[in-house]
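> structure, please.
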Amino acid sequence: MPLDFTAIDFETANGSAASACSVGLVKVRDGQVVDRIGWFIQPPFGHDHFVDWNIRIHGITPEMVEGAPSWTEQLVDLMAFAEDDILVAHNAGFDMGVIKSACAATGIATPSYSYMCSLQVARKTYTLDSYRLPVAAMAAGFEDFAHHDAVADSEACAAIMIHAADRWGAIDLPELAGLVGVRLSSTVPVIEAAAS
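Residues are numbered from 1 along each chain as shown. Below you'll find the predicted structure:
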């Protein structure tokens with residue numbers, strides 16, 4: 001199995017994990033970035049208010065997501081791009097939590113994916129003062145990107161995983177997980193029952 005995966009990053013409108021307002025996806029095939037895509041998302045109703053703190057971080061405003069696909073509309077495109085790939089994110093618990101929470105907020109099943117965390121891999125691969133995405137990406141030779149742009153963040157995440165796999169001599173992500181001692185985790189497909 002070659003080094004194939006899809007890196008993913010979400011930005012959120014507020015403190016709710018369900019409030020996805022942007023996604024970036026980067027496809028890696030045989031250790032090379034072969035495709036990238038991103039789009040705005042209209043956050044699910046009840047999770048769609050934007051707070052100043054988040055706007056200051058990513059620069060996305062309510063006006064920018066007007067007319068954007070809803071979570072349920074865009075999930076089809078997300079899954080079509082990611083296919084059956086292992087998903088990779090920097091602090092993957094956050095990004096997988098966005099998928100789970102947004103699906104729960106809209107009453108649809110959480111898709112089943114295996115995933116790995118580039119933050120955990122970076123901690124096992126580099127000796128750094130910080131393992132924030134820009135610092136870890138710099139250690140992987142990926143510099144000067146627009147941090148908190150979802151596509152750019154996904155590219156930085158992909159660069160970390162490609163570089164780490166090369167340093168560890170791993171041919172694929174399951175082997176990398178074993179070599180560095182991190183878990184290859186899975187989302188569990190669930191449909192949240194609405195409160196009665």
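> quick one: A159 from S101, how far?
Distance of A159 to S101, computed by Cβ to Cβ, to the nearest Å: 27 Å. For the C-beta atoms, the positions are set from N, CA and C on the backbone; glycine is no exception.
> and P174, by the same measure?
Distance, P174 to S101, using Cβ to Cβ: 27 Å.
> neighbour count for those two, which is higher?
Comparing P174 with S101 by other Cβ atoms under 10 Å, the one with more neighbours is S101, at 21 against 14.
> just checking, that one touches A17?
Yes - contact status for S101 versus A17: in contact at 3.8 Å, counting by Cβ atoms under 8 Å.
> which ones are touching V34?
27-28 (Cβ atoms under 8 Å, 6 or more residues apart in numbering).
> can you confirm it is in a strand?
Yes - the assignment for V34 (DSSP: H, G, I helix; E, B strand; the rest coil) places it in a strand.
> all strands of this protein, in order?
5-12, 20-29, 32-40, 87-89, 114-117, 185-186 (DSSP state E).
> weakest of these by average pLDDT?
Lowest mean pLDDT of these: strand 185-186, a mean of 92.
> can you list the strands that that strand pairs with?
Applying DSSP bridges to the sheet, strand 185-186 is found paired with strand 114-117 (antiparallel).
> which helix in the chain has the most residues?
When the chain is parsed with DSSP state H, its longest helix is helix 150-168.
> if you count neighbours, what's buried in that helix?
150-165 (16 or more other Cβ atoms under 10 Å).
> what do you get for stretch 92-100?
92, 95-100.
> and if you look at stretch 4-13?
4-13.
> got these as CSV, with distance to L25 columns?
Below are the buried residues of stretch 4-13 laid out as CSV (distance: Cβ to Cβ, whole Å):
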residue, distance to L25
D4, 14
F5, 11
T6, 6
A7, 7
I8, 5
D9, 8
F10, 10
E11, 13
T12, 16
A13, 19
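> relative to V26, which of the residues you listed is nearest.
Distance to V26 across the buried residues of stretch 4-13 (Cβ to Cβ) is lowest for A7, with 4.4 Å.
> helix or strand with the lowest mean pLDDT in the chain?
strand 185-186 (a mean of 92; mean pLDDT, DSSP states H and E).
> from the chain's centroid, how far away is it?
Strand 185-186 sits 14 Å away from the centroid of its parent chain (Cα atoms, centre = their mean, to the nearest Å).
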